[in-house]
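K.L.:
sequence and computational prediction follow.
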Amino acid sequence: MNRSLLIILLLIPEASCGASKGQRASLKYDVNGRRTLHAYDLKPAKSLGQAEIIAQRLYGTRNLQRPDEAYFCTWRDTGPDQYINRFNRAGRPSKIFLACRFGASRWSPPANLIEAATEHAKRESAVIRIEWDRLPDRYVLRRFEIELNHRPALSFRSQNLTKGELPALGVRIHKMTIPSSPQDGFSFHLTARVPSRQNSGMKAVGPIIPVEIDGSAMPMPMPNWLLY
């Protein structure tokens, strides 16, 4: 799988600013014209797919659910306070892990893994993984990954960013809302300028791509969801 990686250290004030209501987000980028991809609410499918059935047989996992929508946006606390906060149903996250998948249109993947992979390969999509660590009075951005599959321009498929490229990225956090409990949504708006390359560690080729990510993420459902 092509992966894009930017490891950055950026102090972010904890002051929050709300985004529009609704658990959804958008990713805009400019390659031969401005394009917009979307993420939607995460809802369970009416039936299991092959991935869930395989997980049940291999690991004995029961009551699994799979997403009905392929493109969704979720967050969770991945730090040491996550279990205490989940038990108390309150508390600021010690880490914020934001994971979103974006697509040009809604898509409910078929249950068959081969069919789903084949159709996915034909679709324009993007994936982001961003992580913040909590300090006493602010959050620090530790991780920023982006994968972009741009079908209209097949000369490249992904952006992979390195720490050394940070000064040229122009990353800006326009607003973000810190969840006060594991049940709250997380709102965000950030922009960056990312170079394009085929795989992590390769020399950057192609254009510098303006990227804007805006919206909100719902809490990642736990524990019986299989997200892939």
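P.N.:
Structure received.
K.L.:
just to be sure, residue 80 is in a strand?
P.N.:
No. Applying DSSP: H, G, I helix; E, B strand; the rest coil, one finds residue 80 to be coil, outside a strand.
K.L.:
separation between the nearest residue to it once chain neighbours are set aside and residue 48?
P.N.:
Spatial nearest neighbour of residue 80, chain neighbours left out: residue 94 (5.6 Å); criterion: CB to CB, 6 or more residues apart in numbering. Just so you know, the C-beta spots here come from the backbone N, C-alpha and C atoms, and that holds for glycine as well. According to CB to CB, to the nearest Å, residue 94 stands 33 Å off from residue 48.
K.L.:
picking up where we left off before, list the contacts of the residue nearest to residue 80.
P.N.:
Each residue near residue 94 by CB atoms under 8 Å, 6 or more residues apart in numbering is listed here: 77, 79, 80, 81, 82, 133, 134.
K.L.:
export those to a markdown table and tack on pLDDT and distance to residue 177?
P.N.:
As requested, the contacts of residue 94 are exported to a markdown table (pLDDT from 0 to 100; distance: CB to CB, whole Å):
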| residue | pLDDT | distance to residue 177 |
| --- | --- | --- |
| 77 | 90 | 15 |
| 79 | 86 | 18 |
| 80 | 83 | 22 |
| 81 | 81 | 18 |
| 82 | 80 | 18 |
| 133 | 90 | 17 |
| 134 | 92 | 14 |
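K.L.:
for those residues, which single residue is the most surrounded?
P.N.:
Most neighbours among the contacts of residue 94, by other CB atoms under 10 Å: residue 77, with 24 neighbours.
K.L.:
tell me which element the closest residue to it other than its chain neighbours falls in.
P.N.:
Leaving aside its sequence neighbours, residue 77 sits nearest to residue 93 (CB to CB, 6+ apart; 3.6 Å). Residue 93 belongs to no helix or strand when elements are defined using DSSP states H and E.
K.L.:
isn't residue 93 right next to residue 83, touching?
P.N.:
No. The pair residue 93 / residue 83 is not scored as a contact, 11.8 Å apart, by CB atoms under 8 Å.
K.L.:
compare the two and say which is more crowded by neighbours.
P.N.:
Neighbour totals were compared for residue 93 and residue 83, and residue 93 leads with 25 against 10 (other CB under 10 Å).
K.L.:
OK, contacts around that one?
P.N.:
Counting by CB under 8 Å, 6+ apart, residue 93 has contacts 77, 79, 81, 82, 85, 134, 178, 179, 182.
K.L.:
report how many residues lie close to residue 210.
P.N.:
15.
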